[in-house]
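S.K.: Fold the stuff below for me.
(one chain, ligands or ions: 2)
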Amino acid sequence: MTVCLVIPPSGFQLDERVFPMLGVLKVAAVLERAGVPVRVLDLSAPVEVETALAAELARPSDARLLLGGPHVTLTHTALKAEDGRASRALADLREMFDVLVCGDGEHAVFQALEPDAPWLINADNPASTLFLTKSALAASPWPARHLIDLSSYHYQINGVPATSLIGQLGCPFSCGFCGGRNSASFRRVRTRPPSDIVAEMVFLSEHYGYQGFMFLDDELNVSPAFGELLTKIIDAQATHGASWHLRGLVKAELLTQKMADQMRAAGFQQVLSGFESGDDRMLTNMAKRTTVAQNTMACRIAKAAGLEVKALMSIGHPGESAASVEATRCWLLDVQPDAFDVSIITVYPGTPYHDEAVQTGDERWTYTAPKTGDRLHARPVRQFIDEPFYKGVPGAYRSFVETDALTADDLVAARDALETDIRGALDIPWPSSAAELQFEHSMGAR
Ligand code: B12
Ligand code: SF4
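M.R.: Ligands and ions are numbered 1, 2, ... in the order given. Below you'll find the model as predicted:
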């Protein structure tokens, strides 16, 4: 039996070769380690899609089709607060695939390959042996990057060739727009041993020549082991005579001056943070557990350490209004980030905004913020039809949400105006390359 893992193309990204898909490559790595013949079909570059499809997707009729990854995990998680939408969404997936795998794929994939595999394998459950414990995560192989053409991926951090890696899984917070707050895989912090993370960085640097690393962890500083990781990164560079450029996300109110200074010493050039809004009521409504003042302080701390700040902002929260968007504009002008982006929230299954909403109309669900009673109305995203992207082709932005004060079109207009205004005022250029245009997003390449 040969397993072919497919990295799917994304409908809206013209150039996807920025960050390789680490989850698929992790699954490839465990299969390879177990001696299962495995190939990765990387359809993430449109230029190759047609040829690849023609050549490779003529799959044998008895081949089993598996689906794993965050979307199936989150759709399954949404069943916990079921009102009919989640089972319909899961049924749609079931219609297209033979086996759905929720949660960590490292052990679950072997069950999915058994001849009598059930249609759903749930590894997103800490009571299951399929859920990776911290030690199982530590023992799991690094992503099998050698199975793709890594040289065709192009990403730089301040001029040095860079690639991505994951140091830890999970975030304990419960922001209303964020997927997985009811899912152990997404919520429970599982940290790889700092020495293993650093060994992967050394390998990537020695084997592929990377000098830059983007940490795709949700929030680096929710882990108590972050300080130890930074120390080990500093030591590794001294040992190997290297000078790495790093980027990663931090939770604003947890950023201390000592931490920021240590991050800078470790080679961090920029921190990204989901400040989201310049309006305290919006921060309350989204359960961000931070305030505007704390966000401002985080920017000052980062800048004092010599770190650039990328502010990840979003609009379209419960109760969003022209006044709250204006507060966000004023806040950005006040803190003057080095880079920023503004997205409109999309309500996905597995987020509190989705799971805690009630139907209030034909194709309309309403989430009410518990503390203020402010409302957010969303229409369901049809995963295989809609393209709920944050920023793909410029000018093609759409909103799937509205508030009592702002319609979907108002939100799009407010977002576009906010971005144009702030870029102009702070002299922050628009992304120029195709890769930047397509990957500028809350985890953005820029
Ligand atoms: C990095 C990242 C990105 C990067 C991806 C870059 C890249 N190519 O890797 C970028 C910036 C491009 C991105 C974009 C988007 N993202 Co994003 N992203 C993430 C993030 C932070 C980490 C993903 C990751 O690498 N995880 C680590 C790997 C090891 O885990 P994994 O991928 O889940 O894989 C494991 C399992 O899922 C499983 N598995 C995965 N694939 C397979 C396949 C098989 C066959 C099997 C058996 C198992 C299996 O096994 C793996 C190992 O355990 C996640 C949040 C998170 N914590 O996961 C959000 C997340 C995946 N993103 C999300 C969203 C919403 C988006 C956007 C739609 C945002 C937008 N509106 O534009 C876009 C969509 C892009 C697209 N391709 O269509 C949501 C997904 C919601 C959903 N229902 O799918 C998440 C979960 C964030 C959240 N908490 O809400 N994202
Ligand atoms: S947005 Fe960030 S802080 Fe909030 S729950 Fe998601 S990962 Fe955690």
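S.K.: Alongside ligand 1, which residues does this protein contribute?
M.R.: Proximity of the chain to ligand 1, by CB under 6 Å from any ligand atom, involves residues 10, 19, 21-24, 26-27, 66, 68-71, 73-74, 101, 104-106, 108-109, 112, 166, 178-180, 186, 216, 218, 346, 348, 388-390, 439, 441, 443. (Glycine included, C-beta is placed from N, CA and C.)
S.K.: are any of these buried, and which?
M.R.: 19, 21-24, 26-27, 66, 68-71, 73-74, 101, 104-106, 108-109, 112, 166, 178-180, 186, 218, 346, 348, 388-390, 439, 441, 443 (16 or more other CB atoms under 10 Å).
S.K.: Let's see which of those residues end up in helices.
M.R.: Counted as lying in helices by DSSP state H, out of these, are 22-24, 26-27, 70-71, 73-74, 105-106, 108-109, 112, 186, 439.
S.K.: hang on, the earlier thing: can you tell me which of the residues of the chain next to ligand 1 are up against ligand 2?
M.R.: Cys178, Asp218.
S.K.: what helix or strand is Gln237 on?
M.R.: Counting by DSSP states H and E, the element that carries Gln237 is helix 226-240.
S.K.: Please name the strands paired to the following helix or strand past that helix in the sheet, noting orientation.
M.R.: Note on helix 226-240: by DSSP H and E, the next helix or strand toward the C-terminus is strand 245-249. Applying DSSP bridges, strand 245-249 is found paired with strand 212-215 (parallel), strand 268-276 (parallel).
S.K.: Most tightly packed of those?
M.R.: Most buried of the strands paired with strand 245-249, by mean neighbour count (mean count of other CB atoms under 10 Å): strand 268-276, with a mean of 25.
S.K.: immediately after that strand, which helix or strand?
M.R.: helix 280-285.
S.K.: So, low pLDDT: which residues of this protein?
M.R.: The chain contains residues with pLDDT under 70 at 11-15, 46-58, 387-396, 432-446.
S.K.: repeat that with 50
M.R.: 392, 435, 437-446 (pLDDT under 50).
S.K.: Show me which residues of it sit near ligand 2.
M.R.: Residues of the chain found near ligand 2 (CB under 6 Å from any ligand atom) are Cys171, Phe173, Ser174, Cys175, Cys178, Asp218, Glu219, Lys251, Gly274.
S.K.: so can I have CSV of the residues you listed showing distance to Leu204?
M.R.: Shown next, in CSV, are those (distance: CB to CB, whole Å):
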residue, distance to Leu204
Cys171, 24
Phe173, 29
Ser174, 33
Cys175, 31
Cys178, 28
Asp218, 21
Glu219, 22
Lys251, 26
Gly274, 26
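S.K.: Mark which of those residues are part of strands, please.
M.R.: Secondary structure defined by DSSP state E assigns Gly274 of the residues of the chain next to ligand 2 to strands.
S.K.: hmm, back to that, can you list the strands paired with strand 245-249 in JSON lines and add distance to Ser243?
M.R.: Shown next, in JSON lines, are those (distance: least, CB to CB, whole Å):
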{"stretch": "strand 212-215", "distance to Ser243": "10"}
{"stretch": "strand 268-276", "distance to Ser243": "11"}
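S.K.: Out of those strands, the one nearest Lys80 is which?
M.R.: With CB to CB as the criterion, Lys80 lies closest to strand 268-276 of the strands paired with strand 245-249, at 24.3 Å.
S.K.: before we move on, back to that, could you work out the most separated pair of the ones in helices among the buried ones among the residues of the chain next to ligand 1?
M.R.: Longest span within those, CB to CB: Ala112 and Phe439, 30.1 Å.
S.K.: for stretch 401-419, which positions count as buried?
M.R.: 401-403, 405-406, 408, 410-412, 414-415, 418-419.
S.K.: export those residues to a markdown table and tack on secondary structure and distance to Pro370?
M.R.: Shown next, in a markdown table, are those (DSSP: H, G, I helix; E, B strand; the rest coil; distance: CB to CB, whole Å):
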| residue | secondary structure | distance to Pro370 |
| --- | --- | --- |
| Val401 | strand | 18 |
| Glu402 | strand | 20 |
| Thr403 | strand | 16 |
| Ala405 | coil | 19 |
| Leu406 | coil | 21 |
| Ala408 | helix | 24 |
| Asp410 | helix | 25 |
| Leu411 | helix | 22 |
| Val412 | helix | 28 |
| Ala414 | helix | 25 |
| Arg415 | helix | 26 |
| Leu418 | helix | 27 |
| Glu419 | helix | 30 |
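S.K.: Good, we can wrap up now.
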